[in-house]
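# Got a sequence here, can you model it:
(4 chains)
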2 protein chains.
Amino acid sequence: MDNTLYETINRNVSRYVRFTDEELGIFNSLLKLQSVHKKTILLHEGEKCNFEAFVIKGCLRKYYIDPDGTELIIQFGVEDSWIGDISFSIYDPKPSRVFIETIEDSELFTMSPDDKEELYRRVPKFERVFRILMQRNLAVTQDRLFASISKSASQKYLEFLEQYPSLPQRVPQHYIASYLGISPEFLSKVRKKLAHR
Amino acid sequence: MDNTLYETINRNVSRYVRFTDEELGIFNSLLKLQSVHKKTILLHEGEKCNFEAFVIKGCLRKYYIDPDGTELIIQFGVEDSWIGDISFSIYDPKPSRVFIETIEDSELFTMSPDDKEELYRRVPKFERVFRILMQRNLAVTQDRLFASISKSASQKYLEFLEQYPSLPQRVPQHYIASYLGISPEFLSKVRKKLAHR
DNA sequence: TGTGGGCATTGAACTAGGACAAGAAATGGA
DNA sequence: TCCATTTCTTGTCCTAGTTCAATGCCCACA
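Coordinates of the predicted model:
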């Protein structure tokens, strides 16, 4: 087992809970390493799979497509972060309403729902890790909801820059517009106005 | 111990995980029953307490106040639902950025963070329950974010009516406007237009 | 070395929803 | 019961952001 490979993800989950080497070993043995080319769709809307992916390298996006065909990005996944569908698989296995797609060539650790259940069974402390991850994610999403309702487009863009300083160099601008909930044309105008200082 | 009192909440947590009577007993012994008058603020912005409350009876709201003083409701808590702050208390005890306030006279079960930790220690399966609750909450919040960005005010209001048919009779209309992210005046106009069918 | 398809920019016309103000209706407290 | 306060409605004007269309750009690739 290549230790350096698992180092980042093990440090990630150890931020919240202390694990023994043995427990981390079980965790690591359930991870599947995947190299994925850019523009690969990992999860199609309507598919039942709710996997969890940890981004080692690269960049992904998770998005809805609304009835009239517009894409709406709900999350970017970059290095050292988790991305996955959170449909209510366990007690109500609905098909997913989101797409997950790579933006750059990416390296991921993925875990199937079944393997995740096995992980919970063998190392129950992981329930705690994923509870806390959920909780953080929820807090971030609530803040975004708040921002989306009560802040102007340029405020939102400035806050986005603070949170993801590297993304504007990495992803097409209209993805950022979609994430901020504004039209690409308007984002272009916002940027122009902000540059004039 | 009054069984009928605990019946609802026990049924609520048993939706996701099966518990023994003993485990439910431990859970129930850590709950604090509170009767709260309407318009009582249970959590002020800046306070450190992140409690979790289960609504037996009544109605609550959770809201931000933005820098220019406008309230923004992020959640209504009604019968048989959970409401609480989800700041990252454990690894990063930030003061809360939200208020939680009763709208009607309410009966609640509350649990302090310490008692919750004790619950997790004594009945680890509760990590799972709260993970799933978080997960559901996150899914709902993502849907709201999606709606807030890509749907019109009247669409949002109609969907709100479907989701909370009883709330318009129970809470002031401008709370609903705040929840939907539109001005109270505009909600009034939306309702008028919808009534003309 | 050209070329075609995504991207970004700009402008003009338009619209959903906001802000403000004033009045009407409902509610609640003593 | 009455008064005060909160809540709801309606109208007018205003603005942030949209939509559409045209133009130019950048590169990926044959």
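# where along chain A do the strands fall?
Applying DSSP state E to chain A gives strands spanning A:32-36, A:41-43, A:52-57, A:60-65, A:71-77, A:82-84, A:99-102, A:106-111.
# wait, which of those is closest to A:Pro124?
Ranking these by proximity to A:Pro124 (CB to CB) places strand A:106-111 first, at 15.9 Å. (Each C-beta comes from the backbone N, C-alpha and C, glycine too.)
# And the strands of chain A, which one averages the lowest pLDDT?
Of all the strands of chain A, mean pLDDT reaches its minimum on strand A:41-43 (a mean of 82).
# got the buried residues for that one?
A:Leu42, A:Leu43 (16 or more other CB atoms under 10 Å in any protein chain shown).
# can you check stretch A:141-161 too?
So stretch A:141-161, judged by 16+ other CB under 10 Å, has buried residues A:141-142, A:144-150, A:153-154, A:156-157, A:160.
# Go back to those residues and keep what's next to chain B.
Filtering the buried residues of stretch A:141-161 for proximity to chain B by CB under 8 Å from any CB of the partner chain leaves A:Thr141, A:Gln142, A:Arg144, A:Leu145, A:Phe146, A:Ser148, A:Ile149, A:Ser150.
# From the residues you listed, which land in helices?
Counting by DSSP state H, the part of these found in helices is A:Thr141, A:Gln142, A:Arg144, A:Leu145, A:Phe146, A:Ser148, A:Ile149, A:Ser150.
# Centre-most residue in chain A?
Centroid-nearest residue in chain A: A:Ile83, 2.9 Å away (criterion: CA atoms, centre = their mean).
# Report the beta-bridge partner residues of it.
For A:Ile83, the beta-bridge partners under DSSP bridges are A:Ala53.
# That one contacts A:Gln75, correct?
Yes - the pair A:Ile83 and A:Gln75 passes the contact test of CB atoms under 8 Å, sitting 6.2 Å apart.
# Return every residue with contacts to both of the two.
Contact with both A:Ile83 and A:Gln75 is made by residues A:Lys62, according to CB atoms under 8 Å, 6 or more residues apart in numbering or on different chains.
# need the residues of chain A near DNA strand D, please.
A:Ser152, A:Ala153, A:Ser154, A:Gly181, A:Ile182, A:Ser183, A:Glu185, A:Phe186, A:Lys189 (CB under 7 Å from any atom of the strand).
# Return the subset of those lying in helices.
Using DSSP H, A:Ala153, A:Ser154, A:Glu185, A:Phe186, A:Lys189 are the members of those that sit in helices.
# Please identify which of those is nearest to chain B.
The closest of these to chain B turns out to be A:Ala153 (CB to the nearest CB; 11.8 Å).
# ok, and the closest non-adjacent residue to that closest one?
Spatially, and ignoring its direct neighbours in sequence, A:Ala153 is nearest to A:Ile182 (4.8 Å; CB to CB, 6 or more residues apart in numbering or on different chains).
# residues contacting the spatially closest residue to A:Gly181 that is not a sequence neighbour?
Setting aside the residues directly before and after it, A:Gly181 is nearest to B:Ile149 in space (CB to CB, 6+ apart), at 3.6 Å. B:Ile149 sits next to A:Leu72, A:Ser148, A:Gly181 when contact means CB under 8 Å, 6+ apart.
# and what of A:Ser14?
Applying CB under 8 Å, 6+ apart to A:Ser14 gives the contacts A:Leu24.
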